[in-house]
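# Below is the structure, and that's it, no one-letter string:
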Ligand SMILES: CC(=O)N[C@H]1[C@@H](OP(=O)(O)O)O[C@H](CO)[C@@H](O)[C@@H]1O
Ligand SMILES: [Mg+2]
């Protein structure tokens, strides 16, 4: 009888030889998967398919996800990201293996890894991988490549879920493994229904004025705008207009539009202009996992008033805190004692952190990248996390949701009481906001529901606090990895002497703050500086960038 190991080895060799790794490949899983020019991605995507299938086998056949996307990057780029069985990012413990495999010429790395991990290939657990892609031109081809990689693990099944936003696929994987409804139609039903519930729970509902109902969304010419168009008719009390919608002929993906462009450049995306003054606008990135808001200002033709991830987080925090205070009283000793935490990164504007601390919240910091923030936020009953660039969500712990649901059932005897209403609002929030990952569409609906709840205009929201001026620079150096950081990337520990130089610069500036770190997605060192004026922030960033260039060697 043939050894099942032989069949497996032959399948791996066949897939690997279809997409040989070029000499000197240096793929790195990075902050958010493998990314590069789309035309060069096939070898890494094929191997990511193998990793995803192997991960599923390791997890006893639970569904794992694989998305073909390069998010906010230019249309010619593409990438691949693996979604773990809980709907979150792939376990970090598997990243070194993924790197090794993506850069390895033969399948031996995989067979050795499987052995080390105690995974029996062909041992009865078949793998299940759900696939999706965004709208990039190389997407269809790369999805096919990923399928071939998945098939190289004998007995595995690849399920193509279609063209989706990244958060939709995360949601599907999470739901499928929880035995819940997991189709795209189910996703749409859940978010539109919970949005409607939240609106029904708005206090003193007098309806809202026409201007506040209007929302213009910049879809980055990606998948998010297309999906939003689909659910628009089911969204009560919102008059949504989608621009850069991703429809044929509308414009190029992420080109001078989208959340990354608006947040970094602080200028209007294409398609927006003076006629939009006074209207609330939102912007998604290319795969719709980032969300920012903005206003067209009457002062300048191009600049925007930006509401970034930090202010979205602050709005969510105020809303949730209000509900918790109604249920528990200010001392948190009432019917539903709650561990409520807020997670940010070093890129959070200092004014936002101060605002959150001033209202008595526990704020913790992690390294850059959703995988770190998400993990931290899971430690709380309710954990809110956001990156300044608009990646983020609100996580409700399972045990807490059970307590919340039984409280809601108990309080239904006093239906309509403030406590019952507040508990129902929290339940609806936990169903609206994506529990697997940051999601521009569901995040936007929560923003809209909260603004209506508070009867707030965009300006009320903007005025929560004033962002400190900040500046980000990229420095190209010989080897960015020679920078090693600590304290959630806020301090440099290597090369020695660099932190002291940064400290010496910072003391010269009022409200000065500055840190440097190697990017996880680009071959650059990022410099971030904050100070009380735009000029001071620019100057601090420049001085520190010079030190980085001098010490690490400019290239
Ligand atoms: C300063 C910044 O915006 N960094 C981004 C960027 O990571 P870097 O490691 O900084 O390249 O891309 C990540 C993935 O999209 C995102 O999570 C992160 O916030
Ligand atoms: Mg994205």
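Cool, got the structure. Quantities reported herein were computed from a predicted structural model and do not represent experimental measurements. Numbering: from 1, shown residues only. Ligands and ions are numbered 1, 2, ... in the order given.
# Around residue 491, how many other residues sit close by?
Using other Cβ atoms under 10 Å as the criterion, residue 491 is surrounded by 15 other residues. Bear in mind the C-beta positions are built from the backbone N, C-alpha and C, glycine included.
# tell me the strands in the stretch 451-555 of the chain, going along the chain?
Along the stretch 451-555 of the chain, the stretches classed as strands by DSSP state E, counting those that start in this stretch are 470-475, 484-486, 491-494, 513-518, 525-530.
# most packed of those strands?
When you average the neighbours per residue for each of these (mean count of other Cβ atoms under 10 Å), strand 525-530 leads with a mean of 24.
# ok, so what distance separates the spatially most central residue of the chain from residue 462?
Closest residue to the average C-alpha location of the chain: residue 391 at 3.7 Å, with Cα atoms, centre = their mean. Between residue 391 and residue 462 the computed distance is 20 Å (Cβ to Cβ, to the nearest Å).
# With residue 552 instead?
With distances taken as Cβ to Cβ, residue 552 is found 38 Å from residue 462.
# ok, now which ones touch the residue of the stretch 351-500 of the chain found nearest ligand 2?
The nearest approach of the stretch 351-500 of the chain to ligand 2 comes at residue 391, 7.1 Å away (Cβ to the ion). Residue 391 makes contact with 289-290, 309, 370, 373, 438, according to Cβ atoms under 8 Å, 6 or more residues apart in numbering.
# can you check residue 426 too?
Residues in contact with residue 426 (Cβ under 8 Å, 6+ apart) are 320, 323-324, 327, 396, 404.
# So which of those residues sit within strands?
In strands, defined here by DSSP state E, the members of these are residue 396.
# what are the ranges of the helices in the stretch 151-300 of the chain?
Secondary structure of the stretch 151-300 of the chain by DSSP state H, counting those that start in this stretch: the helices cover 166-177, 184-200, 210-213, 223-231, 259-265.
# and if you look at the stretch 401-550 of the chain?
For the stretch 401-550 of the chain, the helices defined by DSSP H, counting those that start in this stretch occupy 418-432, 440-454, 458-462, 498-506, 534-552.
# coming back round to it: make TSV from the contacts of residue 391 and add pLDDT, neighbour count and distance to residue 357 to it.
Shown next, in TSV, are these (pLDDT from 0 to 100; neighbours: other Cβ atoms under 10 Å; distance: Cβ to Cβ, whole Å):
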residue	pLDDT	neighbour count	distance to residue 357
289	97	31	27
290	98	32	25
309	98	28	17
370	90	24	23
373	96	27	18
438	97	28	23
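# what subset of those is also close to ligand 1?
For ligand 1, the contacts drawn from the contacts of residue 391 by Cβ under 6 Å from any ligand atom are residue 370.
# Whichever residue of the chain sits closest to ligand 2: how many residues sit nearby?
For the chain, the residue positioned closest to ligand 2 under Cβ to the ion is residue 71, at a distance of 3.2 Å. Under the neighbour criterion other Cβ under 10 Å, residue 71 is assigned a count of 27.
# Can you tell me which residues in the chain are near ligand 1?
So far as Cβ under 6 Å from any ligand atom goes, the chain lies against ligand 1 at 31-32, 71, 347, 368-370, 387, 389, 391, 519-522, 526.
# Look at residue 60 and give its secondary structure.
Under DSSP: H, G, I helix; E, B strand; the rest coil, the three-state class of residue 60 is coil.
# just to revisit the earlier point, burial-wise, tell me which of the helices of the stretch 151-300 of the chain comes out on top.
Of the helices of the stretch 151-300 of the chain, helix 166-177 is the most buried (mean count of other Cβ under 10 Å), at a mean of 26.
# Identify the residues contacting that one?
62-65, 67, 69, 71, 81, 83-88, 130-132, 134, 161, 164, 181-184, 186-187, 227, 287-289, 434-442.
# In strands only, show me those.
Those of the contacts of helix 166-177 mapping onto strands are 63-65, 67, 81, 83, 130-132, 161, per DSSP E.
# which ones are touching the residue lying closest to the residue of the stretch 351-500 of the chain closest to ligand 2 once chain neighbours are set aside?
On the basis of Cβ to Cβ, 6 or more residues apart in numbering, the spatially nearest residue to residue 391 that is not a chain neighbour turns out to be residue 438, at 4.4 Å. Residues counted as contacts of residue 438 (Cβ under 8 Å, 6+ apart) are 167, 289-291, 370, 386, 390-393.
# What ranges in this structure fall below the confidence cut-off?
Counting by pLDDT under 70, the chain contains low-confidence ranges at 1-4, 31, 105, 123-125, 204-211, 555.
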